[in-house]
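# the sequence and its predicted three-dimensional model are supplied below.
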Amino acid sequence: MAMVLLGMILRLLPLILNWNHVTIFMENDSWGYHNIGANLALGRGYSQLRQSPYEPDVYRPPGYPVIIAIVYGLVGEIPQAVIVLQIVFSVATIPLTFLAGRLVSDVRTGLWAALLLAIDPLSITYANLLLTEAFSALAVTSIFLLLACYWRDQGLMQLWLGALLMSAAIIVHPVMLLAPALFLVLPICAKSLRTRRALFMSLSACLIAWTPASLWILRNARVADYPDISCVTAVNVLKYKAAGVRAELRGTSREVERDRLVEELERSAAPGASRGDIWQSWKGKGWEVIRNHPIIYAKLHLHGMLIELFGPGRDGLARFLYGSDNVLDESGDVSDELIHRAVTAQSTMALDGVRWGALTIQILVFALQAMGTVLLVVRRRFGALAALWLPAIYVLALSGGPESFCRFRVSYMPLLCIVASFGITGMLSTGTRSRAALCNAFRG
């Protein structure tokens with residue numbers, strides 16, 4: 001209970017201190033979610049455009065905008081109300097992390113994991129930004145817990161609930177689209193599940209998890225001639241991955257190469273090409289560039305994975321610490337330049353202490369994760385190690401590259417906190433054994 005209270009207080013502080021300034025809770029991607037949610041609440045359809053003709057949006061899957069629309073329909077167009085809900089999601093993830101840690105190991109491991117998540121600076125920051133990460137973290141932790149219980153007990157209710165949560169997670173965050181394949185891995189990994197019945201249930205869980213996403217893909221094919229869950233895949237492949245490769249080859253910037261690629265494809269586009277045709281050409285051109293330069297792309301992908309896994313995200317925390325008076329520009333939007341200027345010119349011992357304290361916590365957790373990983377290997381707990389790291393490896397494999405960012409880590413951070421808690425309990429148990437050995441030596 002103390003961990004939950006601590007996590008709630010730390011997550012509420014940025015919201016309370018900045019309540020009167022909406023834009024401080026908004027990132028670039030936030031406005032797309034906000035606009036679709038507002039239009040849905042007003043009955044204008046699924047569109048980012050705030051004026052007619054309200055062209056159907058294919059960039060954002062529907063899960064998060066629908067949540068926003070429900071909130072706006074109840075209380076009005078108040079993004080802070082959505083942030084309150086996100087904080088509820090983020091705080092609810094803390095006891096789930098405790099339960100998952102206790103299930104994997106013991107109560108001590110669960111308590112340490114819950115504490116580390118409660119004070120994680122990145123989780124606190126993104127609970128206060130209008131983005132999907134707070135829901136994704138809740139979903140990933142819940143699915144992990146449910147599947148771990150299914151593995152232990154073979155209870156079908158746990159499997160079905162896990163599949164339903166997976167279906168919701170996919171239509172909130174499209175990176176989860178391939179994750180239901182995990183259900184097919186379970187019968188392979190567990191002897192007790194290697195039966196026809198268990199295999200049939202795993203196939204059924206896959207179908208449940210993929211059904212909403214499949215319906216949304218059909219919708220996108222109908223409204224935009226694009227049979228995919230989101231055009232963000234085409235955007236990322238061309239404007240980030242391929243543009244990043246070309247920038248490395250030519251010694252330019254990704255932004256320059258992004259514009260060149262788009263112009264090149266626009267010139268070659270057939271007259272009257274649909275939005276879907278354009279995105280398909282983006283995807284095709286992007287993969288062509290990557291296939292032609294695999295080593296360069298591999299280097300970029302690895303760099304992106306390192307940024308995602310170890311990036312501290314200090315600017316996100318700084319915007320809330322220094323507040324609207326210092327980080328909002330003349331148009332009322334958050335400015336990265338003003339954040340950096342505020343960190344230099346408006347710094348105080350207290351604010352600098354918070355920033356450096358947050359960085360220290362993150363470095364400590366990274367070290368504990370390494371120790372916990374080694375400890376799990378030494379103890380031959382390969383199943384627990386694979387299960388705890390699998391979501392991180394999955395997301396890193398799909399989201400690495402120039403588009404990668406540390407906020408993606410929030411989704412699987414609860415499980416990495418469990419890994420780190422093994423590092424803590426390992427140190428404590430080692431210390432206990434050392435003290436016991438010393439006492440026995442003196443007695444002898």
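Yes, it's here.
# going forward, measure contacts and count neighbours with C-alpha atoms only.
Noted.
# so what's Leu115 up against?
Contact analysis of Leu115 by C-alpha atoms under 8 Å, 6 or more residues apart in numbering lists 3, 94.
# repeat for Phe89
Contacts of Phe89 (C-alpha under 8 Å, 6+ apart): 134-135, 138.
# narrow those to those in helices?
If you go by DSSP state H, the contacts of Phe89 have 134-135, 138 in helices.
# highest neighbour count among the residues you listed?
Comparing these by number of neighbours (other C-alpha atoms under 10 Å), Ala134 comes first, having 28 neighbours.
# and that one, how far is that from Gln86?
From Ala134 across to Gln86, the span is 6 Å (C-alpha to C-alpha, to the nearest Å).
# what's the answer for Val232, then?
Look at Val232 and Gln86: by C-alpha to C-alpha, they are 23 Å apart.
# the more surrounded of those two?
Gln86 (24 against 17).
# ok, so of the ones in helices among the contacts of Phe89, who is nearest Asp336?
Ala134 (22.8 Å; C-alpha to C-alpha).
# distance of the closest one relative to Val334?
21 Å.
# report how many residues lie close to Leu428.
The number of residues packed near Leu428 is 12, by other C-alpha under 10 Å.
# an error on my part: the question was meant for Leu184.
The burial count for Leu184: 18, using other C-alpha under 10 Å.
# repeat that for Leu215.
For Leu215, the count of nearby residues is 12 (other C-alpha under 10 Å).
# residue contacts, it?
Counting by C-alpha under 8 Å, 6+ apart, Leu215 has no contacts.
# where does it land in three-state SS?
Put simply, Leu215 is helix when judged by DSSP: H, G, I helix; E, B strand; the rest coil.
# got it, and Ile170?
Taking three-state DSSP, the label given to Ile170 is helix.
# isn't it right up against Met176?
Yes: using C-alpha atoms under 8 Å, Ile170 is in contact with Met176, at 4.9 Å.
# distance to Tyr59 for the contacts of Phe89 - can I get that in CSV?
Shown next, in CSV, are the contacts of Phe89 (distance: C-alpha to C-alpha, whole Å):
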residue, distance to Tyr59
Ala134, 20
Phe135, 19
Leu138, 23
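# with distance to Trp31 and pLDDT added, can I get those residues in JSON lines?
Formatted as JSON lines, the contacts of Phe89 follow (distance: C-alpha to C-alpha, whole Å; pLDDT from 0 to 100):
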{"residue": "Ala134", "distance to Trp31": "17", "pLDDT": "95"}
{"residue": "Phe135", "distance to Trp31": "17", "pLDDT": "96"}
{"residue": "Leu138", "distance to Trp31": "22", "pLDDT": "97"}
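# closest to Leu300 among those?
Taking C-alpha to C-alpha as the measure, Leu300 lies nearest Ala134 of the contacts of Phe89, at 27.2 Å.
# ok, the closest one - contacts?
Per C-alpha under 8 Å, 6+ apart, neighbours of Ala134: 86-87, 89-90, 123, 126-127, 410-411.
# do you know how far it is from Phe408?
According to C-alpha to C-alpha, Ala134 stands 10 Å off from Phe408.
# do you know how far the nearest residue to Ala213 once chain neighbours are set aside is from Tyr64?
Spatially, and ignoring its direct neighbours in sequence, Ala213 is nearest to Ile171 (6.0 Å; C-alpha to C-alpha, 6 or more residues apart in numbering). Counting by C-alpha to C-alpha, the separation of Ile171 from Tyr64 is 8 Å.
# now for these two: what residues contact both?
Here Ile171 and Tyr64 share no contacting residue, scored by C-alpha under 8 Å, 6+ apart.
# returning to that earlier point: isn't the residue nearest to Ala213 right next to Ser214, touching?
No: in this structure Ile171 lies outside contact range of Ser214 using C-alpha under 8 Å: 9.8 Å.
# looking at those two, which is more packed in?
Set side by side, Ile171 and Ser214 show more neighbours around Ile171, with 25 against 17, by other C-alpha under 10 Å.
# which ones are touching that one?
Taking C-alpha under 8 Å, 6+ apart, we find Ile171 in contact with 61-64, 212-213.
# hang on, isn't Ser358 packed against Pro121?
That one is not Ser; residue 358 is Ala. Yes: look at Ala358 against Pro121 with C-alpha under 8 Å: they come within range, at 5.9 Å.
# quick one on the thing from earlier: Ile170 and Met176: which is more packed in?
Ile170 (25 against 20).
# may I have the host helix or strand of Pro187 exported as CSV, CA atoms only?
Pro187 belongs to helix 182-189 when assigned by DSSP states H and E. Coordinates of the C-alpha atoms in helix 182-189 are reproduced here as CSV (Å, rounded to 0.1, in the frame of the first residue of the first chain):
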residue,chain,number,x,y,z
LEU,A,182,3.1,-15.7,-28.0
PHE,A,183,-0.1,-17.8,-27.3
LEU,A,184,1.2,-20.4,-29.7
VAL,A,185,4.6,-20.6,-28.0
LEU,A,186,3.1,-21.6,-24.6
PRO,A,187,2.2,-25.2,-25.6
ILE,A,188,5.7,-25.6,-27.0
CYS,A,189,7.4,-24.4,-23.8
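# which positions in it come out as buried?
If you call a residue buried by 16 or more other C-alpha atoms under 10 Å, then helix 182-189 has these buried ones: 183-184, 186-187.
# got it, and stretch 50-58?
By 16+ other C-alpha under 10 Å, the buried positions in stretch 50-58 come out as 57-58.
# what do you get for stretch 343-361?
Buried positions in stretch 343-361, judged by neighbour count with 16+ other C-alpha under 10 Å: 343, 352, 354-355, 358-359.
# next one: that stretch to chain centre, how far?
Taking the mean of its C-alpha atoms, stretch 343-361 sits 25 Å from the chain's own mean (C-alpha atoms, centre = their mean, to the nearest Å).
# what does that stretch rub up against?
120-121, 312, 314, 317-318, 321-322.
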